[in-house]
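>>> Sequence and predicted structure below; questions after.
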Amino acid sequence: MKLLQKVVFAKAVFESIGMTASSAPAQNKPLPENFPSKEYNDNSKRILRQVTKASKTGRTQSPTNAIPLDPVYECYANKEHFTMVFTEPLQSKKMTAFNDSVSVEPFPKAIEACDICILAIPDYAMEMFLIQNFSLMNDSIMIDLTNGNGSNKRDLKSVLASLNIKFDRWVKAFNDTGAIQELQHHSGGKSRFTTQVCGPNEDSVDAVIHLAEALGYSTKKVPIDQYEKLQSAQDTIGWEWLHSIVLMAGLFLFVAIYVIIQTSGRPHFEWYTIMTRHSNRMFAWTSIFGFALSLLPGTLIRLRRELGSTRRPPRHLVWGCNIRKHVGLISLYFLFLHACMTVLLFGGEYFGFMFVEGAMGWADEASMLTAVLSTSIFIITGIASLPSVSDAMNKAQFACVYGPVVWTGLALGIMHVLFLGVPSWTETPRSPYAWARGMIPETLLSSVFPLFVVLLKAVQVGLRWIRRVKNKMMFAPSTTTAHDELSSSLENECMESPPQTPKMKGFKECFLLEPGSF
């Protein structure tokens with residue numbers, strides 16, 4: 001028979017509300033002396049009838065999706081063998097009932113009867129709460145919702161250690177879901193929240209996982225040796241973003257210095273034009289370099305594999321693969337700046353070289369076309385990186401978007417730069433604008449590295465195609481021959497001896513050797 005557990009929820013937004021659990025048979029639950037029996041019993045039966053009725057009509061499922069706080073009171077007052085009640089740890093506050101669905105129990109009597117206590121109190125109140133109430137909790141499971149990180153923030157684990165309390169029935173969970181997610185979610189949604197659960201006691205962790213799943217959460221059990229990462233996960237933007245920002249900021253700084261030094265040597269240069277006219281080119285250069293950087297690590301790893309390397313990729317390549325999405329998104333931001341700035345500045349004053357004959361020539365027309373196509377493709381890849389979109393993509397769709405599609409976008413971006421820059425590279429005498437101070441033109445320098453990355457990709461694809469052709473030539477005939485020989489030998493055995501169950505080991509080994517596995 002399932003045991004009915006009472007869960008106490010301490011919520012910071014309600015001046016520390018609690019949620020408790022006490023064990024008893026689900027149908028004949030003996031109430032503690034410190035609980036108002038008639039009110040509690042009548043309320044529990046009524047909520048149980050509501051949940052049963054909703055389940056029969058198909059309005060709720062078990063386990064159902066996590067839903068906002070107001071429906072939680074009605075739907076989750078009794079969920080599976082858990083019963084949720086509220087209490088107010090702060091004695092100076094008088095807590096009133098939320099509605100008629102969930103009972104409000106007096107404190108500290110509710111804590112004394114609980115099996116599970118969810119602590120959503122502020123980290124600075126954690127120590128005082130344990131000093132005053134730990135002896136009342138009767139070895140109940142405590143769930144820590146804090147996101148303590150740093151010298152001024154403390155979590156349940158650190159507070160227990162500082163108080164010299166040897167207690168292992170604590171669990172870190174629900175700290176990775178917030179009020180905004182709860183309020184924006186609704187009971188009819190198909191998505192589930194995912195929470196990571198970690199603790200030193202396996203039984204306690206399993207109990208909290210059961211509670212989370214009853215409340216409609218998907219759970220992920222995290223080993224205790226990974227606790228430090230889980231503890232600080234909500235208080236940082238992530239090392240991937242930090243490294244990507246530093247990388248792209250350094251790249252933009254290099255580009256800005258080069259552009260300023262070169263353009264300051266042009267005839268009739270004015271320093272104020274750096275703010276818009278020349279910063280526009282900085283944005284474009286940074287953007288195309290960033291897209292090439294985001295595609296380079298994966299290409300190099302695949303190229304190593306095609307060349308026969310079986311070793312683990314170097315750390316810097318793995319690092320590059322970890323931040324390539326973030327670098328690509330920052331590059332998309334620079335591309336957006338370049339597009340907006342170009343629209344604002346496009347005209348004879350700044351782009352007069354395109355209208356020497358009154359209209360754009362074929363190279364300028366081609367440059368604008370490739371720019372629009374490249375921008376639209378990179379926007380598509382940016383949209384595909386959204387979790388709501390990428391999670392719904394299968395392997396073939398993902399490989400298409402971040403394979404041929406994104407490489408087409410990079411190639412079109414390079415063509416945009418080439419159509420604009422090649423005429424100024426080849427004209428004689430050299431233009432004092434393109435070759436100011438005798439330095440390499442920006443359009444030439446900004447296209448060299450992306451061209452190199454595209455060349456590496458072409459080599460990698462060519463080697464992969466050659467490998468596949470060789471595999472087909474090597475293994476397809478041998479597979480057929482082995483099959484024919486095995487079939488003829490089995491036929492001869494059947495003719496010469498009574499029917500027996502053939503040993504199919506060789507047959508299976510033959511057909512499991514697919515060319516694609518080599």
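Thanks, I have it.
>>> Do a quick rundown of the strands in this protein.
5-11, 78-79, 82-85, 116-120, 141-144, 170-172, 194-197, 218-221 (DSSP state E).
>>> By mean pLDDT, flag the weakest helix or strand of this protein.
Across the helices and strands of the chain, the lowest-confidence element by mean pLDDT, DSSP states H and E is helix 37-56, at a mean of 33.
>>> Now render the strands of the chain as a markdown table, adding mean neighbour count and mean pLDDT.
Where C-beta positions appear, they are placed from N, C-alpha and C, glycine not excepted. Below are the strands of the chain laid out as a markdown table (neighbours: other CB atoms under 10 Å; pLDDT from 0 to 100):
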| stretch | mean neighbour count | mean pLDDT |
| --- | --- | --- |
| strand 5-11 | 25 | 54 |
| strand 78-79 | 23 | 57 |
| strand 82-85 | 26 | 75 |
| strand 116-120 | 25 | 84 |
| strand 141-144 | 25 | 90 |
| strand 170-172 | 25 | 92 |
| strand 194-197 | 18 | 88 |
| strand 218-221 | 15 | 89 |
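>>> can you tell which of those is closest to residue 363?
Shortest separation from residue 363 across those is recorded for strand 194-197, at 51.9 Å, computed as CB to CB.
>>> Which strands or helices does that closest one pack on?
strand 170-172, helix 202-214, strand 218-221 (3 or more CB pairs under 8 Å, 6 or more residues apart in numbering; DSSP states H and E).
>>> can you rerun that using 7 Å?
helix 202-214, strand 218-221 (3 or more CB pairs under 7 Å, 6 or more residues apart in numbering; DSSP states H and E).
>>> what packs against the shortest one?
Same thing as strand 218-221. strand 194-197, helix 202-214.
>>> Could you tell me which strands the shortest one is paired with, and in which direction each runs?
Based on DSSP bridges, the strands next to strand 194-197 in the sheet, each with its direction, are strand 218-221 (parallel).
>>> what does the partner strand contact?
For strand 218-221, the external contacting residues (CB atoms under 7 Å, 6 or more residues apart in numbering) are 192-197, 205, 209, 212-213.
>>> repeat that with 8 Å
173, 192-198, 205, 209, 212-213 (CB atoms under 8 Å, 6 or more residues apart in numbering).
>>> coming back round to it: right, and the helices and strands packed on strand 218-221 - which one's nearest residue 253?
strand 194-197 (37.4 Å).
>>> Residues touching the closest one, excluding its own?
Taking CB under 8 Å, 6+ apart as the rule, strand 194-197 contacts 171-177, 205, 208-209, 212, 217-222, 230, 233.
>>> Let's see that with 10 Å instead.
Residues outside strand 194-197 that contact it (CB atoms under 10 Å, 6 or more residues apart in numbering) are 66, 143, 171-177, 204-209, 211-213, 215, 217-222, 226, 229-230, 233.
>>> same check, this time on stretch 432-444
255, 258-259, 261-269, 278, 281-282, 284-285, 353, 416-425, 427, 429-431, 445-448.
>>> 7 Å instead, please
Residues contacting stretch 432-444 (CB under 7 Å, 6+ apart): 259, 262-263, 265-267, 281, 285, 417, 420-421, 424-425.
>>> Stretch 446-453 too?
For stretch 446-453, the external contacting residues (CB under 7 Å, 6+ apart) are 285, 288-289, 292, 295-296, 299, 410, 414, 417-418, 421.
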